[in-house]
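Student: Give me a 3D structure for the following:
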Amino acid sequence: MIEYIREYMTDLNQTIQKLPAEKIDQLVHILHNARLNGRQIFIMGNGGSASTASHFVCDLAKNTAFPDMPGFKVIGLSDNMSIFSALANDHGYENVFVDQLRNFVQASDVVIAISTSGNSENVIHAVELANQVGAITVGLTGYNGGKLAKLVNLEIRVPSKNVQHIEDLHLSIEHVVCYSLLRMAEISVSQFSEPLDIPLGEPKSLAETLFDNAIHGKEDGESSDAKKASSLVQEQSLGYMLQIALCSTGASSGTLILLDQKGNVIAGATVREGQVSNPPMEQLAEISQHGLAGWVIKNRKPALVSNTAKDERWLRRPWDGDPTKSRSAVSVPISINDRILGSITLVHPQGEEFSNEDLEYVSKMATSLTPSILAAAHLIEK
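Tutor: As a prediction, this is how the structure comes out:
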C-alpha cells in the first residue's frame, strides 16, 4: 500500500505548486481590511467543507489575535445545528445559509463560501444574497469552479479533480491566510509605533482609537491627539493601499482618487519613483474630470490602455516626459452598491505590458480595498 500513499503525496505536492498565490494574497488583504474596519465575516460549507468552515472560524477568532488590534467578527453558518436543522426542515436545505445570512449581512461584510464543486445550491443562494447587499464574496472551489466561480468577487480554486486534495488544500489555504493575517497585524501595529497621547476617558488601544475615528469620523470638540491620529490614518492609508496595487502588478506609478457622495474629489495619493505624495486638490480634480480616471468614473467601468501615446483618454502631464513614448495603463472604478468612491490608475513605463488578466486582477483588488477606502471617505467627509 505504500505506493498509494506515495502517489497521493506526490500528486498533492504537485497541486500545491499550482495554487493561485496572488489570489490567496487578495483574500488576506480583504480580511485584514475587514478586521480594521469592523466588518462581519461569514463562512459556510457542506460536509467536509463545513468542517473546514468551522476550522476557519476558530482560527480567525483565536489564532490571529494580536495586542492593539481588533479581533475578527467571524460567524460560522454551518455551526449551529439547531437553527441549521430547523431551517432545513421548514424552509428546505437549499435555504439553510441564506436564511441565516439575511438577518445579519451588510454592505462591505465578507462572505466566504467553501464548496469543492462550486455548485452547492444552499451556498449559491447565500452568495447571491450577499452580492445583492454589496458584501464582498469569496469562493474556495475545486474542479472547474462550478456556478460559484462566476458569482463571487474572488475565487480561489484548487486546480484538482481529486476531492480529497481539494479539501486538504482548502484547509491549508485557511491556515496560510491566518498565518499571514497575524504577520500583517504585527506590521500594522509597528507602523503606529510612535507614541500618541490618547484622550482620557474609556480606555482604548491605539488601534481602536484610529479605527473608530476612521469609521465614525471626528466629533466636535475632539482633542488634538485624536485629530492627529485621524490625520495619520488619512495620510498613510491611501498611499499604503496604492502601494499594494503597484507591488502586485509591477506598475511603476499610480494614482488613487477619492470622491464624496456628490462626486467631488476629497483626497488622493500618487506614487512615483517609489515616493508617496498627496497632490493638490486641483490636480486630482483635473485628472478625475479629464484623464483616464475621469473616463472610468464617468462610465463606471474599467479601462485598459496599451499605448498611452495613442489613447485620447490619457491626460498628458509634465512628468510624463516624451509625449510619444509608449506606456501602458489600467484604471478601475472603486464602488459600492451604486456609489462611486473613486478610482485607481496604474501605469507601466512600457507599452503593451498590461493584459485583460491584469485588468481583472486590479478590479478585484479594488473590491478588496473597498472597505478601507470607504472608511477613509467617511473620515474625510465627517
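Student: ok now the top helix by length along the chain, how far from the chain's centre?
Tutor: Using DSSP state H, we find that the single longest helix of the chain is helix 163-191. Remark: helix 163-191 is offset 15 Å from the chain centroid, using Cα atoms, centre = their mean, to the nearest Å.
Student: now stretch 34-45
Tutor: The answer for stretch 34-45 is 11 Å, by Cα atoms, centre = their mean.
Student: which helices and strands sit right next to the longest helix of the chain?
Tutor: For helix 163-191, the packing partners by 3 or more Cβ pairs under 8 Å, 6 or more residues apart in numbering; DSSP states H and E come out as helix 2-17, helix 21-36, helix 48-62, helix 206-216. (C-beta placed from N, C-alpha, C; glycine too.)
Student: Tell me which of these sits nearest to E155.
Tutor: Shortest distance between E155 and those, using Cβ to Cβ, is found for helix 21-36: 7.3 Å.
Student: relative to helix 48-62, how tilted is the closest one?
Tutor: On the basis of axes from the mean of the first three to the mean of the last three Cα atoms, to 10 degrees, helix 21-36 is oriented at 50 degrees to helix 48-62.
Student: Now do the strands in this protein.
Tutor: Under the criterion DSSP state E, the chain contains strands at 40-45, 73-76, 110-114, 136-141, 154-157, 253-259, 265-272, 275-277, 303-305, 328-336, 339-348.
Student: send the alpha carbons of stretch 24-39 over as PDB?
Tutor: Output of stretch 24-39 as PDB, limited to C-alpha atoms (Å, rounded to 0.1, in the frame of the first residue of the first chain):
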ATOM      1  CA  ILE A  24      -4.700  34.000  -1.700                       C
ATOM      2  CA  ASP A  25      -2.900  37.200  -1.000                       C
ATOM      3  CA  GLN A  26      -6.000  39.100  -2.100                       C
ATOM      4  CA  LEU A  27      -8.000  37.200   0.400                       C
ATOM      5  CA  VAL A  28      -5.500  38.100   3.100                       C
ATOM      6  CA  HIS A  29      -6.000  41.800   2.300                       C
ATOM      7  CA  ILE A  30      -9.700  41.500   2.200                       C
ATOM      8  CA  LEU A  31      -9.800  40.000   5.600                       C
ATOM      9  CA  HIS A  32      -7.200  42.400   7.000                       C
ATOM     10  CA  ASN A  33      -9.300  45.400   5.800                       C
ATOM     11  CA  ALA A  34     -12.400  43.800   7.300                       C
ATOM     12  CA  ARG A  35     -10.600  43.500  10.600                       C
ATOM     13  CA  LEU A  36      -9.500  47.100  10.600                       C
ATOM     14  CA  ASN A  37     -13.000  48.400   9.700                       C
ATOM     15  CA  GLY A  38     -15.100  46.200  12.000                       C
ATOM     16  CA  ARG A  39     -16.800  44.200   9.200                       C
END
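Student: mind giving me the domain ranges of this structure?
Tutor: 2-188, 206-381 (automatic domain parsing).
Student: what about D311, how many neighbours?
Tutor: 16 (other Cβ atoms under 10 Å).
Student: just so I know, which of the helices and strands packed on helix 163-191 lies nearest R157?
Tutor: helix 21-36 (8.3 Å).
Student: Scan the helices and strands of the chain for the one with the lowest mean pLDDT.
Tutor: helix 206-216 (a mean of 35; mean pLDDT, DSSP states H and E).
Student: circling back to that earlier point, out of the domains of the chain, which gets the lowest mean score?
Tutor: When those are compared on mean pLDDT, domain 206-381 scores lowest, with a mean of 71.
Student: From R313, how far out is S49?
Tutor: To R313, S49 is 44 Å away according to Cβ to Cβ, to the nearest Å.
Student: Looking at the two, which is more packed in?
Tutor: Between S49 and R313, S49 has the larger neighbour count (other Cβ under 10 Å), namely 27 against 17.
Student: I'd say that one and I112 touch.
Tutor: No - using Cβ atoms under 8 Å, S49 is not in contact with I112, being 10.6 Å away.
Student: Which neighbours do the two have in common?
Tutor: Common neighbours of S49 and I112, counting by Cβ atoms under 8 Å, 6 or more residues apart in numbering, are L140.
Student: Could you check how far the closest residue to M281 other than its chain neighbours is from L341?
Tutor: The shortest distance from M281 to any non-neighbouring residue, by Cβ to Cβ, 6 or more residues apart in numbering, is to V265 (6.0 Å). For V265, the distance to L341 (Cβ to Cβ) stands at 11 Å.
Student: Same question for V158.
Tutor: Applying Cβ to Cβ to V158 and L341 gives a distance of 33 Å.
Student: Same question for S252.
Tutor: S252 is 24 Å from L341, by Cβ to Cβ.
Student: and what of N131?
Tutor: Using Cβ to Cβ, one obtains 18 Å as the distance from N131 to L341.
Student: likewise E186?
Tutor: 29 Å.
Student: Which of the two has more residues huddled nearby?
Tutor: Between E186 and L341, counted using other Cβ under 10 Å, L341 has the larger neighbour count: 21 against 12.
Student: Apart from its neighbours in sequence, what residue is nearest that one?
Tutor: Nearest one to L341, counting by Cβ to Cβ, 6+ apart, is I334 at 4.4 Å.
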